[in-house]
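Student: Fold the following for me, if possible:
(chains A and B)
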Amino acid sequence: MSATAELVRVDPVTLPGETGMVERPRRRWLPFSPWHFVLLPLAVVMLAPLVWMLVASLETLDQTRHFPPILWPGTLRFGNYPNAFRAAHMGRLFWNTFVVTSTVVLSNLVLCSLAGYAFARIRFLGRTAVYYLLLATLMVPLQVVLIPTFLIVKSLGLIDHLGALIVPNLANVFGIFMLTQFFRTLPVELEEAARIDGASRLSILLKIVLPLSAPALATLAVIQFMWTWNDFLWPLVTIINNEGAQTVQLGLAAFQGAHQTDTSLLMAANVMSLLPMLVLFLLAQRYFVRGIATQGLKG
Amino acid sequence: MERVRRALTSDHAVGWAFVAPSVLLVVVFGLYPIVSGLMLSFQKASLLSPVREFAGLENYRAILGDDRLKQAAINTVYYTILFVPISIVGSLAIAVALNRGIAFIRAYRLAVFIPVVTSTIATGIMFLWLLDSHYGLANFVLGKAGLGPFGFFEDPRQAMPSLVGMTVWGWLGFDTIIYLAALQGIPQELTEASAVDGASQWGTFRSVTWPMLGPATLLLVVWSTLSALQLFDEVFFVTKGGPLGRTSVVVFYVYRLAFEQGLAIPLAGFAAAIAYILFLVILMLTLIQFWLGNRVVHYSS
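Tutor: Predicted coordinates:
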């Protein structure tokens, strides 16, 4: 644990050059670094599945049914996109996923901030015991408690409703843990001064602590967004007989089942399903990376 | 009144008020399932009927005699043995390569990181197409190199290695990020001192960098083993356990028992028992790995 806590503080987006490290001057036999010989093929391999999906999404069905594969279709069939959007009911899928994801992210920001602040700063009866009890649940993956969790959600009458995807995820232990750790690193003097002036805990949290915590909150938000947006197993078992409540991942899986051979349509749907996540990633790469480095703490 | 006000604003009351919503949710959806799952594993029950019968140890005894579960367990171990070393060695090499300020490094990093945010279903759709035995790009490229053609997911022997390749693609970025963070946490003076002492780059890596990466490696070994033992999405979506049951893994088998067959037939208790055994295996492996790791790994602080 001690070592992983250190991980969080360094930021892998920062380039070595920016942190003061300079490439050791070496005998140069090339006008560029030899590392490009490693990194360029690597990048090609990593991007190949994505590029190949993009190419197929712009081809005709006949062009995808061709071997050797057609690497570049003459005319780009952008019409595949609106067709796939309609056929896969993507409007509905996006809306459902958006409702679930935004509710879960917002609720986690609120509830994890409250709990994290209490665990970090307020001395209350049973604090340590409760904290470790919560942490213990991090050891138990959903896969092994899938059946009992399903039964609880079923007894609440949430099966086949978006609520099944929202309610169990309103407060995530990882988020509580992350914010607790973060709040502990903030200087306590400001808060103490406000306490002496008679400010309540809630107003201290809202006016002093949270404004200082924007990076941590952003990290929690993007990681929670990714988990919820990409989740498949839980929607699979709880949304069984109601197409109207399907998420993007569920709908995409069903669409694949029904349109297995219609490659160009399937790939167009797939590209669209990835777009929101990719855009968010490009905008907030720094927070994703920090969040993933922090996820190490989960283990 | 004053005493009531003081009690309500005391640290105990305020603290509990702050944590109460989260604690309630975690108790209901996090802790209670652990207990009720254990109880369910001693019962005969189906997911849709409220009828439960106490079955004693019958479910646990049945585990020993289930041949398909045995195959799923073997497949899970096979997957884990392939996935963990490949993803860790691969991501370490990539992190070392990416940890330098050369041109286009941001683009290279982006290429490695993007699969991390790609969902398992989207990944599955891409790889089913990439590794399509008739029209796939992979067979085309490998054919140019004089290899194949391969059946990939359709071939009983190649299906599991293909799954490994696909999931490694999806996970490399995650591991690389953690290794990059660890690499940047290594004090410059250490590697420079080693270089001044005349060590080669490989020598510096072996005697300075690698030991300093110990905690990150331990973490990734534990983490990757856990996620490998819980493999589900990719199997469910891409291979459906086939061909010939060669990619059926434990969580997939549990899912089938409880949510496909067990909706009507009372198999949920049996499935819960398997899940509980998996839980115990995961817990024990984690403890052993941390115990072994802490004897080998050097923590700097």
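Student: tell me the SS of B:F150?
Tutor: coil (DSSP: H, G, I helix; E, B strand; the rest coil).
Student: dump the residue contacts of it.
Tutor: B:131, B:133, B:138-139, B:142, B:158 (CB atoms under 8 Å, 6 or more residues apart in numbering or on different chains). For glycine as for every other residue, the C-beta is placed from the backbone atoms N, C-alpha and C.
Student: Try it again at 10 Å.
Tutor: Contact analysis of B:F150 by CB atoms under 10 Å, 6 or more residues apart in numbering or on different chains lists B:131, B:133, B:136, B:138-139, B:142-143, B:158, B:161-162.
Student: Can you tell me which of these are buried?
Tutor: B:131, B:133, B:136, B:138-139, B:158, B:161-162 (16 or more other CB atoms under 10 Å in any protein chain shown).
Student: Rebuild those as JSON lines, extending it with secondary structure, pLDDT and distance to chain A.
Tutor: Output for the buried ones among the contacts of B:F150, formatted as JSON lines (DSSP: H, G, I helix; E, B strand; the rest coil; pLDDT from 0 to 100; distance: CB to the nearest CB, whole Å):
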{"residue": "B:L131", "secondary structure": "coil", "pLDDT": "93", "distance to chain A": "9"}
{"residue": "B:S133", "secondary structure": "coil", "pLDDT": "88", "distance to chain A": "10"}
{"residue": "B:G136", "secondary structure": "coil", "pLDDT": "88", "distance to chain A": "8"}
{"residue": "B:A138", "secondary structure": "helix", "pLDDT": "91", "distance to chain A": "9"}
{"residue": "B:N139", "secondary structure": "helix", "pLDDT": "91", "distance to chain A": "8"}
{"residue": "B:Q158", "secondary structure": "coil", "pLDDT": "94", "distance to chain A": "18"}
{"residue": "B:P161", "secondary structure": "helix", "pLDDT": "96", "distance to chain A": "16"}
{"residue": "B:S162", "secondary structure": "helix", "pLDDT": "96", "distance to chain A": "13"}
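Student: circling back: adding distance to A:G79 as columns, could you present the contacts of B:F150 in JSON lines?
Tutor: Output for these, formatted as JSON lines (distance: CB to CB, whole Å):
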{"residue": "B:L131", "distance to A:G79": "27"}
{"residue": "B:S133", "distance to A:G79": "29"}
{"residue": "B:G136", "distance to A:G79": "24"}
{"residue": "B:A138", "distance to A:G79": "28"}
{"residue": "B:N139", "distance to A:G79": "29"}
{"residue": "B:L142", "distance to A:G79": "32"}
{"residue": "B:G143", "distance to A:G79": "32"}
{"residue": "B:Q158", "distance to A:G79": "36"}
{"residue": "B:P161", "distance to A:G79": "38"}
{"residue": "B:S162", "distance to A:G79": "32"}
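Student: And what about the residue nearest the centre of chain B, helix, strand or coil?
Tutor: Centroid check for chain B by CA atoms, centre = their mean gives B:S227 as the closest residue, at 1.3 Å. Per three-state DSSP, the secondary structure class of B:S227 is helix.
Student: which ones are touching the residue lying closest to it once chain neighbours are set aside?
Tutor: Leaving aside its chain neighbours, B:S227 sits nearest to B:W171 (7.6 Å; criterion: CB to CB, 6 or more residues apart in numbering or on different chains). The contact partners of B:W171, taken as CB under 10 Å, 6+ apart, are B:83, B:86-88, B:90-91, B:115-116, B:220, B:223-224, B:227-228.
Student: Can you read off the backbone torsions of B:N99?
Tutor: B:N99 has phi and psi values of phi -90, psi 60 when expressed as degrees, to the nearest 10.
Student: surely it meets B:T191?
Tutor: No - B:N99 is beyond contact range of B:T191, at 11.0 Å (criterion: CB atoms under 10 Å).
Student: before we move on, back to that, now do the contacts for the residue nearest to the centre of chain B.
Tutor: By CB under 10 Å, 6+ apart, B:S227 lies in contact with A:141, A:143, A:299, B:80, B:83-84, B:87, B:167, B:171, B:174.
Student: Before we go further, A:S102 is sitting in a helix, right?
Tutor: Yes - looking at A:S102 with three-state DSSP, it is inside a helix.
Student: separation between the spatially most central residue of chain A and chain B?
Tutor: When CA atoms, centre = their mean is applied to chain A, the residue found nearest the centroid is A:M226 (1.7 Å). Distance, A:M226 to chain B, by CB to the nearest CB, to the nearest Å: 6 Å.
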